Each structure stands twice: as C-alpha cells, then as structure tokens.
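Undergrad: any chance you can model this:
(chains A and B)
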Protein chains: 2
Amino acid sequence: MRTSQYLLSTLKETPAHAEVVSHQLMLRAGLIRHLASGLYTWLPTGLKVLKKVENIVREEMERAGSIEVLMPMVQPSDLWEESGRWDDYGPELLRLNDRHQRPFVLGPTHEEVITKLVSNEVSSYKQLPMNLFQIQTKFRDEIRPRFGVMRGREFLMKDAYSFHSTDECLKQTYQVMFDAYCRIFERLGLDFRPVIADNGSIGGEGSHEFHVLADSGEDDIAFSDASDYAANIEKAEALAPSGERATPTQELNKVATPDAKTIESVANFLKIEANTTVKTLLVLGEAKDDEAAPIIALVVRGDHELNELKAEKLEGIASPLTFATDEQLVAATGANAGSIGPVNLNIRVIADRSAAHLADFVCGANEDGFHFIGANWERDVTTYEVADLRNVVAGDPSPCGQGNIVIKRGIEVGHIFQLGQKYAQAMNCGVLTESGKNQTLTMGCYGIGVSRIVAAAIEQNHDKYGIKWPEAIAPYQVAIVPMNMHKSARVQETAQNLYAQLQQAGIEVIFDDRKERPGVMFADHELMGTPKLLVVGERNLDNQQIELKDRITGEKSLIAIDSVMALFNK
Amino acid sequence: MRTSQYLLSTLKETPAHAEVVSHQLMLRAGLIRHLASGLYTWLPTGLKVLKKVENIVREEMERAGSIEVLMPMVQPSDLWEESGRWDDYGPELLRLNDRHQRPFVLGPTHEEVITKLVSNEVSSYKQLPMNLFQIQTKFRDEIRPRFGVMRGREFLMKDAYSFHSTDECLKQTYQVMFDAYCRIFERLGLDFRPVIADNGSIGGEGSHEFHVLADSGEDDIAFSDASDYAANIEKAEALAPSGERATPTQELNKVATPDAKTIESVANFLKIEANTTVKTLLVLGEAKDDEAAPIIALVVRGDHELNELKAEKLEGIASPLTFATDEQLVAATGANAGSIGPVNLNIRVIADRSAAHLADFVCGANEDGFHFIGANWERDVTTYEVADLRNVVAGDPSPCGQGNIVIKRGIEVGHIFQLGQKYAQAMNCGVLTESGKNQTLTMGCYGIGVSRIVAAAIEQNHDKYGIKWPEAIAPYQVAIVPMNMHKSARVQETAQNLYAQLQQAGIEVIFDDRKERPGVMFADHELMGTPKLLVVGERNLDNQQIELKDRITGEKSLIAIDSVMALFNK
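TA: Below you'll find the model as predicted:
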C-alpha cells in the first residue's frame, strides 16, 4: 500500500477525551474514529488488525472442531421471553419495534437463537456433541461506554455454544475450548492468563476468564508465584492462617476512642497495627415470610477487604448483598458505624477465617466513641461462624497449596463457561438418547471479545512513541521510508524496487511515498507500530545499504539491500 | 468435513411457505434457517458460500484500489437529519432509541457516515480520489420480506463510496468500478449483464445495475441481439419507427363500438390489429400557484405500454405520475375511460413516437360507446407533441443502433451510481483545491448484495434435484460417498484414504460417513450441489476404480483411484 493512496489519518495531538492509552493510540494511529457514544468506525489500518485477530480466532476454533454459523443481530423478543431474559436483562439489552410494532432486541449474545436452532435441527444423541460458533457484531447498550472499543456498545465478538447429552461430554469440550483459547492468545503474541472465574451457581471450576495482562487492566487477578494457579480476585479462596489461634493474654477492656471512626484512626490512636483489629459490617439476611430481614454481622480483619461475592453466596444472606442502613445499625447494635463490633451482639455473626484467627484483638464496643481492646473469640463472642469472606491480598498463601499470591491487573478478553441446562430447559432443547428417552441438553458457551483484543494488545504493547504490535497482528509487517525521495532518483528507484519485491512476495508492506519530512514519516510509522522500518537514504546507497529499524527493540542496523528479503525468509 | 460431525440439516420436503426455488433450495439444502420475518441464520453450508462470495468481492475491490473500512450498523439520527434523509426515508428505515432515549437508526446504507468521515479526515485535493468500501450487515425494514435472503431485512452488503474533486475523476473511478464488477460476476461464474439503469435526476449513463439472468427475476431487461447494449426496461429508449409516416388514405369516421372499452375488444369488434389503434391516458400536469393541476393526454399505440418513468420526467407533468380520476376524465373529455382519444381534445396531447407514426388509426371518440376510424395526426389532431413514452418490446430496434431488442428477466445484485454532490453538499464535505479554493466533493456509490448473490446464483443454477453451484462458490468442491462403508473394510479404508489425501491437498471435501442408505446420501449431495461426487463401492474396487459423478453435466464415469488428485490439478 502506498500512503499516498491510503487513508492514513494519523493525529499529532492526543485527543482530550480519550482516557486510556489504547484509546488514545487507536485514535492517533488512525485505527478508529468516533461516530457516537460507544460507536466507532474502523479505519483501514485498524480493520487490518481486527481481521487478523478474527482470522486467528476462526482458524483455531475450526481446528478445535467448532463449526461456523452466522445468526442475525436483530432477534425477536419471543425467544427472550421463552428464556426468561426479556425480564431479567437490564437496559443493556436494546429493545426496539419494527414497522409493524413487533418487539425485537439487538443481540448482546445469542444463547436464545442458538438453543432454538439446535432444538429444531438436532434430534438424536448421535449428532452430539455439537459445537457452533460465529464471529458477529453485538450490541450492548452500556450506560457509560468508555475507553474506545474496550467498552463500546457495538463490537465484534466470537461466541461459541456447545451442546451435550452428558456432563462428561461438556467437560471434554470445555477442555478442548480451554486449549484452543490458549493457542489463540499464544498465536496473537499476547501475555495472557487463564483465570478461574466466578460461574454463578454451578460451582467447581466451571468457568475461566482469559486475561491480557496490563497495568491498566480493570480486573485484579491473583496468581501463585509457584504454580499456574490464577483466579479472578473475586473468586480466589483466602485460606485460614496456618497454625492454631493464640491463647488470650489480655482482659476485655473498653477504652474511649473519641472521633476514631475508621480502622486507620483507631489504630493510630491506640498505636497498634490494623491487622490486630477487626471491622464489622452489617448486612441483611434473607427475609422469612412477612418478617423484616434479619441483620447479620460480617467481621473481617482491619487490613482486609470484604469480598461481596463470597458473602452473598453464604446461606441466609440476601442476594444481591445489601448493607444495613444507618437506622438499622443503631437499632441492631446501639451504636453508629465506626464503633460496632462482635462482642455482646445479639445477632448472627460470621467471621472471616483471618479475623477468626486473631487473639487479643481490637473491635468496636457497640457504643459510640468506644472500642474494646483484648477481645477474644469464644470467651467474648460466644456464638459465631467462620467463613471465607475477604479478598486475597499479595503474600497470602496460594489456595492451590503452592507458593504465595501475587496480584496483577488484567483485561478480560475471553470467557468460557459451563452453562448447564439453563437455556436448554427453558427452551425445551433435547434429544432422544440411545435408549429412546428424551434428554435435555447441557451446554457450554465460549466468548472472545475480538475488537477488545485490539485495544488490550495495545495496552500491553506500547511506548511513548506509539504502538508496538506483536508480529501476528501488525497491520503491516514492514514500512519503506525513503528520505527525500523527490529529490533523489536513486532513493526513489531503490524504494520502488523494494516495494515491488516485497509486494510480489506477499509481504504486507506500506510504502511512504508522501512528500513529507523524514521526521514526520518516522513519527507516523512508530505511532502505527509497524514492526520493521526500512529507511532508504542517499548516504547509505553508496554502499548498497539501507537502514533497518526494529520497532520492538529500537535497534538500528545497516543491511545490504539485497538481504532485505531474507528478513522475511524469502 | 465429516458429515457425522457437521450440521448438515437437509430437508426432504419443500417447505410450504417458500415461494421461489432459491428459497426452497436454501432451506432444503441446509443453507439457512428462518428466525423471524426477513431474518435468517446462515447454517455452516450456507455460510461457506456466503464467505466465498464475500472473498471474491473483497479481492476485486482491493485490486481496483478501494480500501476497506468498517462502519457501525447503529447510526445516530443527527447525521440523517443533516442529509435530509431522516424525513425523506420511509418506514424501511428502522428507527430506535437507546437507553438514554437518544434516537438512532439501523443503517440501511452508509452515505451519511462515510461522508461525515471523509469530511473530517480528508482536507486536501492531494488525498483524492478516495474509494472506501465495507462488507457489512445492513437492515431494511421491508414491509413484506419474502423469497428468503433475496428480499430479507438483515442482509450482507458490500457498499463502496468514492470521493472526487472533479466529475472527470468520478467518471474514471466509475469505469474502474464497472470493470471490477464485471470481474466479480465473472469470477463468481454467473451469467450476468451490466444494465443501464435509471439514475434519478443526473441523466446520462451515470448508473448501471448488474443483473444475474434468471427466468424468475423480478426485473425486465432489454438487450440488443447484436451488441452489448442492455438496459432496465424502464430505462431503454424506444426509437421512432424508421421511414416517413404514411399519407392519410381514410376519412375520419365515427363508429359505434358498444361495450368495447379495451383495446382488445375494440380491435376484435372492428376486426383490426391492436397496432393500428391508440390508447389515450390522462394524467395530471404540474399545478401552477393556486390553480387546479391541468390534465394532459398521453397517447401510446394500442399494443404498447406506457412507461411511467419516462412520462413523469417530461416537462410540465406531475411527479410522481398521477392518473386523472374518473370525474376528471369526464370533465376533460366528455367521455369515460375506454372511449377517449386525441381528436378534438382541448388539452395538451403528447404522443409516443410509435403512436405518432401511425396513419389512419383508430381511437376513442370522446363519446361513450364510440370510436373514430381513419384518424390522422395533424389533419385531425392539430396540436400535439411527440416523445418517447413507452416500454420497449421484443423486436424493437435497439437504441444503440445495432440489432433488435430481446427481453429477459434478471435479478439485481449490484448497482453503481454517480451520486454527484447530494451528500457532500448537505454535509459540507469539501477539500482545498490546488489553487486554495474550497471545493465540494462529488461522489460515486457502488453496492453489491452479497447475501442476495447466493440466492440469485441458485435461481440461475439448479435442476429438480437441487443446486448446481458454479465451481467458485460451491461450499465443497467434492463429496466422498462410500457405499455401505460399515459393511466393507475395503470401502471404508479407500474412502478414508481419499479423504485424508484431499484434505491434505487443501481441497474442500465433505466425507459422508453417516450410516445411511446410498440413495439418501446421493440425494443430499445432489441437493447441496457439490460439483463432484466420488462414489466408493465394493464392485469397482476390484479394478482399483471409483465412480465420478459430475453434478453439472450429470455424467458418470469410472476413474482409477490414483487419478483422483489429478481432477484437482494436484
């Protein structure tokens, strides 16, 4: 491609509204343009990257035995009513009426359509397992679209769905998909981790997220420093501290802690460490019949954070987790927030494993402006339960049993999920088994955010000059940058010959034939992240040489003109 | 692909609701499935065809210098307000609101988005011409979607838009696109014609449709039998008959024609040919100020049809063409429909060239139940104009000057169009010219109905057994059909070896490994239209042979097993 015949559209300035670096660079390098909130046009350079990602995803899905289909973006509402999601899905589901006032949705995902399809087309266990995928445009009406294509409204997704008559078969296909996902992200050249994820009500390791590691990621991931273990921080188990709890050595003692309403201020005031205190959070339990919901106390160590997902899964706790109001706090404990603790409390108390391991700890005295010191479980809190209630923190022992926890940030780009029978049951999707019985199918679903991968790759691979594409998804493999071509016939001829040669060999090459200063050209190609730059200049031509600049390493070297093709094994 | 691991989904019965053969065969051969009115899921076999069409279109667009982009399907309404189409576009434009009640549309086409993009990104004449295309899902809310993907609501389209600072430049790119379209349809293996089309107000040959010829086509196309000339019948010029008009030989004579209200009944009653009569149609002229619209008489020969498009383009005639009401007929002529003629008429009369060439003709006498015989222009109709007012018919001299007109039916699958400045002007899309002046751009647009091509290819290429795919878009190049494989180890081994060999050579092969009767397998593969069938049977293996069935010619032949690869030049 010649830049003179191309829509290059690079920008010198960083657009003010772009908050994250990938969004900034995608605008500056001419990959995308904003059309409306969460809606982007892919410019030629961006689309080349998107297609490369798409093709790698397609190849590996096909290699793993998944078969491609294409479902409509516009879906009739009755399918969503059948699955129950017409009511359950929030305003992210864009609903619309056609000219005859029939209700439709813009598909944010396709469980309903595919389950109905398989229900119609597959009737015998002999046709199973069946694994179908599509690479298709989705729409989710995000309340606050941001970060460019990272959280856009219209986006390209690969979604696959597998159908099985037994759980064993689902687990096999799940593993095949897990392996295919690893190959995909390896081929894309990204530093990624499969991460144990929350899978709602199914339990077990029935769900993994695939994260591209990047400091700017929205998710915290807990790794073991000694094994492959990785889990979303919401999901990582916090083990109980090892060893027995220490024996109480102090008496329970109420002390005045005027104005100390946070763990930090209490610790400062009492000149102790936060990890010898506990904080007590009051939440609602499940209401029985017409009674008011009971209040339940959750206790975590002062330096730990409550994991709301873990809490709301405990029996008897309202889901979604609901914190008690100020009035409810006072009614249940006699004190306001900041002075509450588990001692002498007449409600159900659940202590996190680490909090429950403390002896001689500090807690609120359930009297405004007072705390207990020397508090001890059993002696001072006679009835309590123990559970995993907190987020893991760096240094915690890994729940896999090997090494300690390290926390890194990641961008979720894939998610595989053992769905079970939720959709198959609701939509009556079954087959006749070998023994002639009707069997409801069990399903897996497997998503990859194709457009999001482009942004995530940039978050992970960039420097102050621009994007540093992994080879496999660079829009162009090499750029030819001639110096003052319009003043030197020799430079022009060499550059044009190189261009013709590379093109003929099927190498994706961009030839900068603009009448621009060298500095402008270098800046554009570094911004666009082309892995190799071939700089053709008068000076080096005397020796039949050109300069090779490596975008990743930054190295410059002089190479013989006739060795260029060898760079590409040609 | 093994059929046992595939979603074959062929149907024995023709679905009752499918009206045209391509819709029937696409359902029966397992190419598509109906989701809702005008919405279809592409099954694996159909998607393979769709992708092949898409790839050929993409390759030829790129070869012609067009650059691929991807625009959102959901578009903000303000762009449509800017172009004026928010008001002009009918209910085919699906309008919707997002969660914040902001208005959007589902894009039926992308002139607005691309013009705004180019307006922002292109500022200098040096960047021109610019030709951008996308292959993207469109939505048109057809009032009555039908014929499957032939007239669906959600469909795949290639739309390209070119931008120019001069009309000459637009014409050059238009020719490049014309040539690219010819290559595309040639490569697809379809019998097609580029056809001069109506291009609204621009005039000249500024628009061509590309039609796939098929008896079931919705459009009539007029060809020359001696040149490349082809035009949509609405657009083909009807020349004046050659030679001078004959001299009048008869007196004007009023005869009673009781109950004869059609040309046919008048001709029968008078025992004359319809081509010696004229019919007179009254339409409204353009109203001036507050006056009622004038009534105008259009006269065509009795055996010809009025071409409404030609009529409404004539000066002084209301557009869209509006026929006079029964009351207006009587008020203007004194007679009802069926007895009206141009003689003694006090209104403007426009005669078609062929009607105006008649002498001694028959026409209504403007008195119910009476006709004139022996009517003659000038002598009996003193004031009249002559224009091209009718559709061409088979046998007419071709307007290109060579040969005569033949009429065939076609399916429109492409349309190229010199748009002019309509969008660029409305959306303020211009560049600085070499002399530093601001110049509004002129545009071309170029569409191809990618999903419609699949249906059109079937309309053109099928027989009673199913589809006969052109080689270039067949989902599979070859099918291996083993006879009773599960009873013969020799058949199984040969079939599996062939499958492995063909796969390895990169040939798209489908291996029918189902436990089905030979008849069922043959029927499925003939239905699906695979060009070559390799039938592996016990009997022929004694001679190291298999049977080759050609789906297009129907020929069967025995070939040596080791000559199979040569069929594919491998």
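
Undergrad: so what's the residue positioned nearest the centre of chain A up against?
TA: The centre of chain A sits closest to A:Glu412, judged by C-alpha atoms, centre = their mean, with a distance of 1.6 Å. By C-beta atoms under 8 Å, 6 or more residues apart in numbering or on different chains, the contact list for A:Glu412 reads A:Glu209, A:Phe210, A:His211, A:Glu218, A:Asp219, A:Gly449. (Each C-beta comes from the backbone N, C-alpha and C, glycine too.)

Undergrad: what's the lowest-pLDDT member of those?
TA: Lowest in pLDDT among those is A:Glu218, which has 85.

Undergrad: B:Ala274 versus that one, what's the distance?
TA: In this structure, A:Glu218 and B:Ala274 are 78 Å apart, going by C-beta to C-beta, to the nearest Å.

Undergrad: now A:Pro470
TA: Using C-beta to C-beta, we find A:Pro470 at a distance of 75 Å from B:Ala274.

Undergrad: and for A:Ile467, the neighbour number?
TA: A:Ile467 has 27 neighbours, counted by other C-beta atoms under 10 Å in any protein chain shown.

Undergrad: just A:Val536 next, same as before
TA: Neighbourhood size, A:Val536 [other C-beta under 10 Å]: 27.

Undergrad: swap in A:Glu291?
TA: Using other C-beta under 10 Å, A:Glu291 has 7 other residues around it.

Undergrad: re the thing from before, show me which of the contacts of A:Glu412 is closest to chain B.
TA: Set against chain B, the nearest of these by C-beta to the nearest C-beta is A:Gly449 (15.7 Å).

Undergrad: what residues are up against the closest one?
TA: A:Gly449 makes contact with A:Phe155, A:Leu156, A:Met157, A:Glu412, A:Val413, A:Gly414 under the criterion C-beta under 8 Å, 6+ apart.

Undergrad: SS state for the third one?
TA: Right, the one you point to is A:Met157. Using DSSP: H, G, I helix; E, B strand; the rest coil, the structure places A:Met157 in strand.

Undergrad: excluding chain neighbours, what is closest to the residue of the stretch 301-450 of chain A found nearest chain B?
TA: Residue nearest to chain B within the stretch 301-450 of chain A (C-beta to the nearest C-beta): A:Val450, separated by 11.6 Å. Distances taken as C-beta to C-beta, 6 or more residues apart in numbering or on different chains place A:Leu156 nearest to A:Val450, at 4.2 Å, with adjacent residues excluded.

Undergrad: surely that neighbour is in contact with A:Lys51?
TA: No. If you go by C-beta atoms under 8 Å, A:Leu156 and A:Lys51 don't touch, sitting 9.9 Å apart.

Undergrad: quick one, which of the two is more surrounded?
TA: Between A:Leu156 and A:Lys51, counted using other C-beta under 10 Å, the more crowded position is A:Leu156 (24 against 18).

Undergrad: stretch A:115-133: end-to-end distance?
TA: End-to-end distance of stretch A:115-133 (C-alpha to C-alpha, to the nearest Å): 12 Å.

Undergrad: that one near chain B at all?
TA: Yes. Using C-beta under 8 Å from any C-beta of the partner chain, we find that stretch A:115-133 touches chain B at A:Leu117, A:Asn120, A:Glu121, A:Val122, A:Lys126, A:Gln127, A:Met130, A:Leu132.

Undergrad: got the buried residues for that stretch?
TA: Residues A:115-119, A:121-122, A:125, A:127-133 are the ones in stretch A:115-133 that count as buried (16 or more other C-beta atoms under 10 Å in any protein chain shown).

Undergrad: ok, so of these, who is nearest chain B?
TA: A:Glu121 (5.0 Å).

Undergrad: surely the closest one is in contact with B:Leu7?
TA: Yes. A:Glu121 is within contact range of B:Leu7, at 6.3 Å (criterion: C-beta under 8 Å).

Undergrad: if I look at the closest residue to A:Val330 other than its chain neighbours, how far off is B:Pro518?
TA: Distances taken as C-beta to C-beta, 6+ apart place A:Asn336 nearest to A:Val330, at 6.2 Å, with adjacent residues excluded. Going from A:Asn336 to B:Pro518 by C-beta to C-beta gives 84 Å.

Undergrad: ok, residues contacting the longest helix along chain A?
TA: When chain A is parsed with DSSP state H, its longest helix is helix A:167-188. Helix A:167-188 is touched from outside by A:53, A:56-57, A:60-61, A:63-66, A:128-129, A:131, A:160, A:162, A:164, A:192, A:194, A:206, A:208, A:210, A:212, A:413-414, A:416, A:418, A:442-444, A:446, A:448, A:453, A:457, A:470, A:472-473, with contacts defined as C-beta under 8 Å, 6+ apart.

Undergrad: can you tell me which of the residues you listed end up in helices?
TA: Using DSSP H, the contacts of helix A:167-188 in helices are A:Val53, A:Ile56, A:Val57, A:Glu60, A:Met61, A:Arg63, A:Ile453, A:Ala457.

Undergrad: pLDDT score for the third one?
TA: Per-residue confidence at A:Val57 stands at 98 (pLDDT).

Undergrad: OK, contacts around it?
TA: By C-beta under 8 Å, 6+ apart, A:Val57 lies in contact with A:Ile135, A:Lys158, A:Ile184, A:Ile448, A:Val450.

Undergrad: re earlier: ok, of the ones in helices among the contacts of helix A:167-188, which one's closest to B:Lys12?
TA: Ranked by distance to B:Lys12 (C-beta to C-beta), these are led by A:Met61 at 31.0 Å.

Undergrad: can you tell me the closest non-neighbouring residue to that closest one?
TA: Closest residue to A:Met61 apart from its sequence neighbours, by C-beta to C-beta, 6+ apart: A:Phe133 at 5.0 Å.

Undergrad: surely the one you found and A:Glu68 touch.
TA: Yes. At 5.8 Å, A:Phe133 counts as touching A:Glu68 under the criterion of C-beta under 8 Å.

Undergrad: what do these two both touch?
TA: Common neighbours of A:Phe133 and A:Glu68, counting by C-beta under 8 Å, 6+ apart, are A:Met61.

Undergrad: and A:Ile546, how close does it get to chain B?
TA: Distance, A:Ile546 to chain B, using C-beta to the nearest C-beta, to the nearest Å: 27 Å.

Undergrad: please identify the helix or strand for that residue.
TA: Element membership of A:Ile546, judged by DSSP states H and E, is strand A:545-550.

Undergrad: same question for A:Leu239.
TA: Using DSSP H and E, A:Leu239 sits within no helix or strand.

Undergrad: for it, grab the count of nearby residues.
TA: Counted with other C-beta under 10 Å, A:Leu239 comes out at 16.
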